[in-house]
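> curious how this folds, go ahead:
(2 chains)
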2 protein chains.
Amino acid sequence: MELWFTEKYGDKVGFSLKVKETLFAGESPYQTVHVLDTHMFGKVLTLDGLFMTTDRDEFIYHEMITHPVMYLHDNPQDILVIGGGDGGTVREILKHSCVNKVVLCEIDDMVIEVSKKFLPEIAVELINKNPKLEVFVGDGIKYVEDSKGIFDILIVDSTDPIGPAVGLFSVEFYQNCKRALKNDGIFVAQSESPFYDINIIKSIKLNLHDAGFKFVRFYYSYIPTYPSACWSWVMASDKYDPINDFPEVKEFNIRTKYFYPELGRASFVLPLFFKKEIED
Amino acid sequence: MELWFTEKYGDKVGFSLKVKETLFAGESPYQTVHVLDTHMFGKVLTLDGLFMTTDRDEFIYHEMITHPVMYLHDNPQDILVIGGGDGGTVREILKHSCVNKVVLCEIDDMVIEVSKKFLPEIAVELINKNPKLEVFVGDGIKYVEDSKGIFDILIVDSTDPIGPAVGLFSVEFYQNCKRALKNDGIFVAQSESPFYDINIIKSIKLNLHDAGFKFVRFYYSYIPTYPSACWSWVMASDKYDPINDFPEVKEFNIRTKYFYPELGRASFVLPLFFKKEIED
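Have a look, this model is predicted:
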């Protein structure tokens, strides 16, 4: 028997992987959770039937949500990650020796537990209980509301703006993120596909400006298992404009497979159809 | 009834589009040719069951195979395109007023004819019989062999290195391309997916160096309908090194949707896993 998993986009486009076996299928209070073992992409985590991460291409997403902002900030010590229960984002953050503390705030304990069990290379710092890492299972919206001026960097590593993550795209949430950051702090979030979701991207930009951030900039790379494979992130700050402030010369000694400083800078040079839609 | 077309990669990954109807199905002496009308990507041309071009994302491929080299070269007047029978590449070249003559050498007349009939926005210059365009239906390998020192730019817009295109990836062909170019000429070819086909890319690099080209550089962008959606092209020349010679200030007045000079420069800043594999 051939087993295939297909993620559909708008019921009109499909991306499919041939599956060796289903390793986990569960229903949490928030979403359905699957782990599949696939032929080409290794272990795959899906939430509500959508690709979240895979052994083979996770390095791209996790490096690109992390290292550009870590490289841009002068001295990132205290970091908050909302979502990201698979552990890939905190794994990359903890490669930076300047880090003092990382808080991971994930609403769904099942994501954390299945990642530790089935995706050990991604969840390595969760498994190892890195002493710089504090894991908080709970509502990121509430956590951010209760934090004032304490983080250098706040990363929203969320699912799409449907289901449990919808509140993570609102002006009110962004305002609270701004208050949770120090004055020179930087906000980063995954911001969907410029090829399919340009209207979501435009509303993220508006909402971040409405929340009072001075600089709001998008960057992109490609993730083979995400819709259209072109993916974007947004960076917002009152101090740093990544387009002008990305350091020309600064040490970067971390072992990566995708990111290096010059690539980080180039990732802000957006395809014209994307750039035009979000220009001030 | 739901009709879907799926392209598989290695029988283990699939990319599928929901189809409204099949507009054309034919068998040429070289390959099977289909034109499908799809819900999300408009008209789609496939050869031997593989995506060649679609209404929705063709601009990325055709702009990126054309404008970086046209921008890099000081005065590109005489251009040869091998393959590219859909007409998208010559359409982009002919936007440059400096062009004196473009020869399109396509082996398969069926590709030209179905593109003119079903993909008129892509094949527009073929339909309009642009007086600067000369269409030659025949073997590109032979055409290149018979040309000596007459082209400023030679673009290989081919299918994958299987089937009719296999000879377009050999040292001997590359040597003949070099001889067909003027001394300051530039060679460009599509060069497959760095995510899946890094060994093909490495052999393209070796073969181009073996053919005597001084500078061999790869660049990339993303094409949603191609395998892994990350796609690369190679540029080879004795005069131009795109990494150092890409003009900082030069007019570019052509209407595009993807390319602009800064993006062209950034497209040579390769993801680390790709860069490492092809470094000298």
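
> please count neighbours and contacts with C-alpha atoms only from this point.
Fine.

> enumerate the residues of chain A near chain B.
By CA under 8 Å from any CA of the partner chain, the residues of chain A that approach chain B are A:11-18, A:39-40, A:222, A:224-225, A:228-230, A:256-260, A:262-263, A:266-267, A:269-273.

> quick one: low-confidence ranges for the stretch 101-250 of chain A?
Along the stretch 101-250 of chain A, the model assigns pLDDT under 70 to no residue.

> in helices only, show me the residues of chain A next to chain B.
Residues of these located in helices (DSSP state H): A:E262, A:L263, A:A266, A:L272, A:F273.

> wait, which of these is closest to A:M235?
A:A266 (14.6 Å; CA to CA).

> from A:E125, how far off is the closest one?
Distance, A:A266 to A:E125, by CA to CA, to the nearest Å: 29 Å.

> what do you get for A:E248?
Taking CA to CA, one finds A:E248 at 31 Å from A:E125.

> next one: A:N100
In terms of CA to CA, A:N100 sits 15 Å off from A:E125.

> strands of chain A, start to end?
Using DSSP state E, the strands of chain A run over A:3-9, A:13-27, A:32-38, A:42-47, A:50-54, A:78-83, A:101-106, A:133-137, A:151-157, A:181-190, A:215-222, A:230-237.

> A:V249: what's it in contact with?
Contact analysis of A:V249 by CA atoms under 8 Å, 6 or more residues apart in numbering or on different chains lists nothing.

> where's it relative to chain B, distance?
With distances taken as CA to the nearest CA, to the nearest Å, A:V249 is found 16 Å from chain B.

> also A:E279?
14 Å.

> quick one, phi/psi of that residue?
Main-chain dihedrals, A:E279, degrees, to the nearest 10: phi -70, psi 150.

> could you report the neighbour count for it?
9 (other CA atoms under 10 Å in any protein chain shown).

> same question for A:D109.
Counted with other CA under 10 Å, A:D109 comes out at 16.

> quick check: the gap between A:Y260 and A:T66.
Separation of A:Y260 from A:T66 (CA to CA): 12 Å.

> and A:V99, by the same measure?
Applying CA to CA to A:V99 and A:T66 gives a distance of 12 Å.

> shared neighbours, those two?
Joint contacts of A:V99 and A:T66 (CA under 8 Å, 6+ apart) are A:I93.

> so for these two, which sits in the more crowded spot?
Higher neighbour count among A:V99 and A:T66: A:T66, with 23 against 18, using other CA under 10 Å.

> contacting residues around that one?
Neighbours of A:T66 in contact, by CA under 8 Å, 6+ apart: A:T89, A:E92, A:I93, A:I155.

> and which of the residues you listed is nearest chain B?
A:E92 (15.6 Å; CA to the nearest CA).

> burial measure for that closest one, as a count.
Using other CA under 10 Å, the number of residues around A:E92 comes to 22.

> the domain parsing of chain A - what is it?
Following automatic domain parsing, one gets these domains for chain A: A:3-53, A:58-278.

> for B:T159, which of those is the nearest?
Comparing the domains of chain A against B:T159 with CA to CA, the closest turns out to be domain A:58-278 (20.7 Å).

> okay, now the residue of the stretch 51-200 of chain A found nearest chain B: neighbour count?
In the stretch 51-200 of chain A, no residue comes nearer to chain B than A:F195, which is 8.6 Å away by CA to the nearest CA. For A:F195, the count of nearby residues is 17 (other CA under 10 Å).

> wait, it sits on A:C230?
Yes: A:F195 lies in contact with A:C230 (CA atoms under 8 Å); the separation is 6.8 Å.

> from the chain's centroid, how far away is stretch A:217-231?
11 Å (CA atoms, centre = their mean, to the nearest Å).

> how long is that stretch end to end?
First-to-last residue span, stretch A:217-231, CA to CA: 14 Å.

> could you do stretch A:48-59 as well?
In stretch A:48-59, first residue to last residue: 22 Å (CA to CA).

> nearest to B:M1, out of the strands of chain A?
strand A:13-27 (16.1 Å).

> let me know the average pLDDT across stretch A:82-89.
Taken as a whole, stretch A:82-89 has an average pLDDT of 98.

> what does it rub up against?
Residues outside stretch A:82-89 that contact it (CA under 8 Å, 6+ apart): A:58, A:62-63, A:65-66, A:81, A:90, A:104-109, A:111-112, A:115-116, A:119, A:122-126, A:140, A:154-159.

> same thing but at 6 Å, please
Stretch A:82-89 is contacted from outside by A:H62, A:C105, A:E106, A:V111, A:I112, A:S115, A:I122, A:A123, A:G140, A:V156, A:D157, A:S158, using CA atoms under 6 Å, 6 or more residues apart in numbering or on different chains.

> same deal with stretch A:161-172?
Residues from elsewhere that reach stretch A:161-172 (CA under 6 Å, 6+ apart): A:T159, A:N207, A:A211.

> any chance of the residues you listed in CSV with distance to B:V166 and neighbour count as columns?
CSV is the format used below for the contacts of stretch A:161-172 (distance: CA to CA, whole Å; neighbours: other CA atoms under 10 Å in any protein chain shown):
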residue, distance to B:V166, neighbour count
A:T159, 42, 21
A:N207, 51, 20
A:A211, 55, 19
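
> may I see these arranged in a markdown table, with distance to B:Y71 as well?
As requested, these are exported to a markdown table (distance: CA to CA, whole Å):
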| residue | distance to B:Y71 |
| --- | --- |
| A:T159 | 40 |
| A:N207 | 37 |
| A:A211 | 41 |
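
> out of those residues, which one sits closest to B:S147?
Nearest to B:S147 among the contacts of stretch A:161-172 is A:T159, at 55.1 Å by CA to CA.

> got the contact list for that closest one?
A:T159 sits next to A:A165 when contact means CA under 6 Å, 6+ apart.

> skipping its backbone neighbours, what lies nearest A:A229 in space?
Distance criterion CA to CA, 6 or more residues apart in numbering or on different chains; nearest residue to A:A229, sequence neighbours excluded, is A:I223 at 4.8 Å.

> how near is the one you found to A:A25?
Computed with CA to CA, the distance linking A:I223 and A:A25 is 24 Å.

> which of those two has more neighbours?
For A:I223 versus A:A25, the count of surrounding residues by other CA under 10 Å is larger for A:I223: 23 against 13.

> pairing partners for the spatially most central residue of chain A in the sheet, please.
What sits nearest the mean C-alpha location of chain A, by CA atoms, centre = their mean, is A:D157, with 3.2 Å. Beta bridges link A:D157 to A:G83, judged by DSSP bridges.

> how close does it sit to A:F187?
As judged by CA to CA, A:D157 and A:F187 stand 11 Å apart.

> dig out what the nearest residue to A:T22 once chain neighbours are set aside forms beta bridges with.
Setting aside the residues directly before and after it, A:T22 is nearest to A:L36 in space (CA to CA, 6+ apart), at 4.5 Å. With DSSP bridges applied, A:L36 shows beta-bridge pairing to A:T22, A:V44.

> which residues does A:L36 contact?
Counting by CA under 6 Å, 6+ apart, A:L36 touches A:T22, A:L23, A:K43, A:V44.

> want to throw the residues you listed into JSON lines with neighbour count and pLDDT?
Putting the contacts of A:L36 into JSON lines (neighbours: other CA atoms under 10 Å in any protein chain shown; pLDDT from 0 to 100) gives the following:
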{"residue": "A:T22", "neighbour count": "15", "pLDDT": "98"}
{"residue": "A:L23", "neighbour count": "14", "pLDDT": "98"}
{"residue": "A:K43", "neighbour count": "21", "pLDDT": "98"}
{"residue": "A:V44", "neighbour count": "26", "pLDDT": "98"}
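
> many thanks, I have nothing further to ask.
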